[in-house]
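Novice: Give me the fold of what follows.
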Amino acid sequence: RVRSLETLNETDVAIFASPNAATYGLALLERWGRELPKRARVLAVGPGTARQLHARGVSVSTVPQGKYDSEALLALPDLQDVSGRSVLIIRGQAGREMLAEELDRRQAVVSHLVCYRRVALDDPDPGVLAGQGANQVRGAIAGIVIDDQDFERMIRPQVQQGFDHLADGTTLIECGQHDG
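Specialist: Just a heads-up that it's a prediction; the model follows:
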């Protein structure tokens with residue numbers, strides 16, 4: 001749904017859907033010799049995304065407070081009256097469509113810049129999981145992004161035995177501070 005690079009200059013609102021979108025989206029624009037228009041409002045899904053944008057010299061107009069997802073973005077004043085406005089969503093492949101669908105319902109002209117993709121591993125590295133016995137590893141936080149089905153299929157069965165508790169990312173987010 002990206003219209004074309006020629007319409008990039010028409011962007012009224014640019015939404016970065018994740019820290020990865022900030023990192024890879026800006027790198028992609030730079031590689032193409034393009035940048036967001038100076039007048040565009042830049043929205044970050046959360047403080048982590050805003051930090052990535054600031055580190056790359058992009059001023060962030062707005063960040064949701066307290067909750068960092070599509071619903072929180074849609075509640076922002078910048079996205080209330082978007083009829084006829086050009087909104088560019090910078091995101092990963094196969095991300096949620098709810099944000100785009102709601103902006104479309106609000107009659108925005110929505111386009112996407114897909115700048116990275118999530119890839120599920122066929123099998124986890126057995127070397128990583130080999131030392132997961134109770135005397136060797138007391139806990140771990142995996143810095144990978146996989147969906148719930150892949151977590152249940154690949155990870156949980158192989159590491160469950162050595163841990164008192166194994167939580168997926170949703171549980172960890174509920175326990176800690178998620179900063180998008």
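Novice: hey, let's count contacts and neighbours off CA atoms from now on
Specialist: Noted.
Novice: you'd agree residue 41 is up against residue 14?
Specialist: Yes. Here residue 41 reaches residue 14: they are 6.2 Å apart, a contact under Cα atoms under 8 Å.
Novice: Of these two, which one has the most company?
Specialist: Legend: neighbour count by other Cα atoms under 10 Å for residue 41 and residue 14, higher for residue 14 (24 against 18).
Novice: quick one: the more buried one and residue 90 touch, right?
Specialist: Yes. At 7.2 Å, residue 14 and residue 90 qualify as touching, with contact defined as Cα under 8 Å.
Novice: Could you look up the SS state of residue 66?
Specialist: Classification of residue 66 using DSSP: H, G, I helix; E, B strand; the rest coil returns coil.
Novice: wait, residue 23
Specialist: What three-state DSSP gives for residue 23 is helix.
Novice: how close does the nearest residue to it once chain neighbours are set aside sit to residue 101?
Specialist: Of all residues not flanking residue 23 in the chain, residue 52 sits nearest, at 6.5 Å (Cα to Cα, 6 or more residues apart in numbering). Here the criterion is Cα to Cα, to the nearest Å. By it, residue 52 lies 26 Å from residue 101.
Novice: And the helices in this structure?
Specialist: If DSSP state H is used as the criterion, the helices of the chain fall at 19-31, 47-55, 70-74, 98-105, 126-129, 148-150, 156-159, 169-175.
Novice: Show residues contacting stretch 96-105.
Specialist: Contacts with stretch 96-105, where a contact means Cα atoms under 8 Å, 6 or more residues apart in numbering, come from 70-71, 74, 79, 82, 89, 109-110.
Novice: for residue 38, phi and psi?
Specialist: Taking degrees, to the nearest 10, you get phi -60, psi -30 for the backbone angles of residue 38.
Novice: residues touching residue 82, list them.
Specialist: With Cα under 8 Å, 6+ apart, residue 82 has these contacts: 103, 106-108.
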